[in-house]
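In: Predicted model and sequence below, questions to follow.
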Number of protein chains: 2
Amino acid sequence: MGYAQIDAFRGDANTIRVIGHRGARGILPENSMIGFNFALSIGIDLLEFDVLLTRDNVPVITHNHELNAAAIRGPDGKFLNGAGVRVAALSIDDIKGFDIGRLDGHTDYGRRFPEQAQIDGVRLPQLSELLQLVSQPQYQHVCLMVEMKSDPNAADEKAREKLVSVVANAIRQAGLTNRTLLHSFDWTLLAECKKQGIDMPTSFLTQSKHHADDIGDESALHIMPNLSTLSIPDEVKKAGGALWCPHFRDISKDQLLRAKDLGLCVAVWTVNEPDDIDAMIDLHVDAIVTDYPGRVQRQLSDRGWLWAR
Amino acid sequence: MGYAQIDAFRGDANTIRVIGHRGARGILPENSMIGFNFALSIGIDLLEFDVLLTRDNVPVITHNHELNAAAIRGPDGKFLNGAGVRVAALSIDDIKGFDIGRLDGHTDYGRRFPEQAQIDGVRLPQLSELLQLVSQPQYQHVCLMVEMKSDPNAADEKAREKLVSVVANAIRQAGLTNRTLLHSFDWTLLAECKKQGIDMPTSFLTQSKHHADDIGDESALHIMPNLSTLSIPDEVKKAGGALWCPHFRDISKDQLLRAKDLGLCVAVWTVNEPDDIDAMIDLHVDAIVTDYPGRVQRQLSDRGWLWAR
């Protein structure tokens, strides 16, 4: 095998890699171009983000199938409280009318990120915008962790086929297949990638139960297989995965070692609190997905670790 | 009078202004171009920073006369522990050999900013670089709070004359006199501005005692007049000041009201913790100087305030 991008996500004896979660959600609006630019500007060269399709099959970068009401304002300038706006029902032109630049601090979701900058006029990006950004000469070393989001309410075979082929085509056309990882909680969707013979490695997200990361966000538990009685690293390997990405509270040292024995790369999501960051450094994972990349950089450098080679 | 830039720093019934302290020290290396760019990118249009002169009289942007050993690495890549490198002893070429991109987490100063991004190859900027940046068309509304640093060990008349004239000339040549505020703890230096007939308003910093803001930093207490028995707003007014900038722990409601009666604009430094930010919003100051501009934006917007008009 030996995908170059998997080597990019892999740590070593002195290195733990840092992956910017939805850009740098703790600091800047999630899944925004300004957030991706910020992460790149501080030397974070692994970007995680979420992709789904509009009604007219344009891949856009946003987390929830129903636009996150606590983080997105409508054309009237108001947060989408209870509006239930589905991305699949919008055209790419409709999408341009929403502003993702602020968080509603009166929601549980908003309260999770008390220092995210508040900006007006930030648009929900198309996948193509980010692919263009990282195609620039100074970002040739940047790799992408593209989370493909299956709709919990409409995750049928046709929908998966469409999502996989549209996203893979966009990446292929941008010439970025050797810098991209296809990432999902939906193992059926990852199997679809194999079925379509996609020339990119797959990354298997797992989560054993509800965590604080779910508060105010679309949960992945409905879309994941039930793995409770199995060895997850073995299942990932069996499914053809190159990377295993468990929630950081779910992983044990034994599982990490088993995953390493199997040749898997192990990244953990989403690690934001200082004690949790330290615990993941102690565990010596390959990579840490975080909303606060500066905080992880700092804890790594204080402890003598590198995050880039 | 009515300096346009003073109006820019003034709040109103719905607005409290946000001033990026040394750019955005909580998030990015202090007094760096990347930090200033970040602050501007999130809509912070008031920038505070520190200026002093190299041996060859080039104004550079850095806080301490002796380069901050906890925040600056030398040409050997090591933090300047105990090296005692004085800016006044360096040429502008020497200055280019230092890297301001990381904090030493094993120092008291470093521990104050646990999530500042860690970057390599960040250079100490010249004043001219920042003046150029804010001269760009998209930043015509940006105003500057230029803190001129008198050397506690060499604050003689000649040194003050030189610093004031070099800095004022640079601003004048950049065409930014109507967007700049001359800011200092050294009231003798601010008097020198008047003496030289500088066509920019002055801003008077005060601090009554040591605060947490001094930890690991060059203190201003040696350079300030003793004001303990006086009404500080009256003294600022008498000295010709347009803005009063007390430490946030020093100001009372009565003093704020007195300052307002005198027509002064009131900005408070350096407000980083959520409770302190709330207290300053309650007090209804004109402007808040902060290392975490996103955090202040968020608390303002949660409470229905604006920070820009």
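Out: Cool, the structure landed. Numbers count the residues shown, from 1 in each chain, chains lettered A, B, ... in the order given.
In: which stretches of the stretch 151-300 of chain A have low pLDDT?
Out: By pLDDT under 70, the stretch 151-300 of chain A has no low-scoring segment.
In: Going along the chain, name the strands of it.
Out: With strands called from DSSP state E, counting those that start in this stretch, the stretch 151-300 of chain A shows them at A:180-184, A:202-206, A:243-246, A:265-268, A:287-290.
In: want to try a markdown table for the ones you listed, with distance to chain B and mean neighbour count as columns?
Out: For the C-beta atoms, the positions are set from N, CA and C on the backbone; glycine is no exception. Compiled in a markdown table, the strands of the stretch 151-300 of chain A are given as follows (distance: least, Cβ to the nearest Cβ, whole Å; neighbours: other Cβ atoms under 10 Å in any protein chain shown):
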| stretch | distance to chain B | mean neighbour count |
| --- | --- | --- |
| strand A:180-184 | 24 | 26 |
| strand A:202-206 | 25 | 24 |
| strand A:243-246 | 23 | 27 |
| strand A:265-268 | 19 | 27 |
| strand A:287-290 | 10 | 28 |
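In: what mean pLDDT would you report for the strand ranked longest in chain A?
Out: In chain A, assigned by DSSP state E, the strand with the most residues is strand A:46-53. Strand A:46-53 carries an average pLDDT of 98.
In: Adjacent strands (with direction) for it?
Out: Strand pairing for strand A:46-53, determined by DSSP bridges: strand A:17-21 (parallel), strand A:59-61 (antiparallel), strand A:143-148 (parallel).
In: Would you pull up how far that strand lies from the middle of the chain?
Out: 5 Å (Cα atoms, centre = their mean, to the nearest Å).
In: same question, stretch A:214-225
Out: 13 Å.
In: Show me which positions of that stretch end up buried.
Out: A:G216, A:D217, A:E218, A:A220, A:I223, A:M224 (16 or more other Cβ atoms under 10 Å in any protein chain shown).
In: which bits of the stretch 151-300 of chain A sit near chain B?
Out: Neighbours of chain B within the stretch 151-300 of chain A, by Cβ under 8 Å from any Cβ of the partner chain: A:P274, A:Y292, A:P293, A:G294, A:R295, A:Q297, A:R298, A:Q299.
In: what's A:C193 in contact with, if anything?
Out: By Cβ atoms under 8 Å, 6 or more residues apart in numbering or on different chains, A:C193 lies in contact with A:V164, A:A168, A:L182, A:M200, A:T202.
In: could I get those residues as a markdown table with distance to B:E157?
Out: A markdown table is the format used below for the contacts of A:C193 (distance: Cβ to Cβ, whole Å):
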| residue | distance to B:E157 |
| --- | --- |
| A:V164 | 74 |
| A:A168 | 71 |
| A:L182 | 68 |
| A:M200 | 69 |
| A:T202 | 71 |
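In: ok, these vs A:E129, which is closest?
Out: For the contacts of A:C193, the minimum distance to A:E129 (Cβ to Cβ) is 17.7 Å, reached by A:A168.
In: So the closest one is in contact with A:T202, correct?
Out: No. Checked against Cβ atoms under 8 Å, the pair A:A168 and A:T202 is beyond contact range at 11.3 Å.
In: Identify the contacts common to the two.
Out: Common neighbours of A:A168 and A:T202, counting by Cβ under 8 Å, 6+ apart, are A:L182, A:C193.
In: Can I get the strands of the stretch 151-300 of chain A in a markdown table including distance to A:D156?
Out: Converted to a markdown table, these look like this (distance: least, Cβ to Cβ, whole Å):
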| stretch | distance to A:D156 |
| --- | --- |
| strand A:180-184 | 15 |
| strand A:202-206 | 20 |
| strand A:243-246 | 25 |
| strand A:265-268 | 29 |
| strand A:287-290 | 29 |
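In: give the contact list for the closest residue to A:V164 other than its chain neighbours.
Out: Distances taken as Cβ to Cβ, 6 or more residues apart in numbering or on different chains place A:E192 nearest to A:V164, at 4.9 Å, with adjacent residues excluded. By Cβ under 8 Å, 6+ apart, the contact list for A:E192 reads A:E157, A:R160, A:E161, A:V164.
In: Next step: the residues you listed restricted to helices.
Out: Of the contacts of A:E192, the ones assigned to helices by DSSP state H are A:E157, A:R160, A:E161, A:V164.
In: any idea how far chain B is from the second one?
Out: Going from A:R160 to chain B by Cβ to the nearest Cβ, to the nearest Å gives 37 Å.
In: Correct me if wrong: that residue contacts A:W187.
Out: No. Counting by Cβ under 8 Å, A:W187 is not a contact partner of A:R160; they are 10.8 Å apart.
In: Which residue, neighbours along the chain excluded, lies closest to A:Q207?
Out: Nearest non-adjacent residue to A:Q207, counting by Cβ to Cβ, 6+ apart: A:H247, 4.6 Å away.
In: for the strands of the stretch 151-300 of chain A, which one sits closest to A:I27?
Out: Of all the strands of the stretch 151-300 of chain A, strand A:287-290 comes closest under Cβ to Cβ, at 10.7 Å.
In: tell me the residue furthest from the middle of chain A?
Out: Ranked by distance from the centre of chain A (Cα atoms, centre = their mean), the top residue is A:D76, with 29.1 Å.
In: Can you say which helix or strand has that one in it?
Out: Taking DSSP states H and E as the definition, one finds A:D76 inside no helix or strand.
In: about what we covered before: narrow the ones in helices among the contacts of A:E192 to those that are buried.
Out: A:R160, A:V164.
In: buried ones in stretch A:101-121?
Out: Across stretch A:101-121, burial judged by 16+ other Cβ under 10 Å covers A:101-105, A:107, A:109-110, A:112-119.
In: ok, and of those, which contact chain B?
Out: A:R102, A:L103, A:G105, A:G110, A:P114, A:E115, A:Q116, A:A117, A:Q118, A:I119.
In: Could you dump these into TSV and include pLDDT?
Out: Below are these laid out as TSV (pLDDT from 0 to 100):
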residue	pLDDT
A:R102	98
A:L103	97
A:G105	96
A:G110	97
A:P114	97
A:E115	96
A:Q116	98
A:A117	98
A:Q118	98
A:I119	97
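In: Among those residues, which pair sits farthest apart?
Out: Maximum pairwise distance in those, criterion Cβ to Cβ, is 15.7 Å, between A:P114 and A:I119.
In: Now do the helices in chain A.
Out: Going by DSSP H, chain A shows helices at A:4-9, A:33-41, A:92-95, A:108-111, A:127-134, A:157-173, A:187-195, A:232-238, A:253-261, A:274-283, A:293-302.
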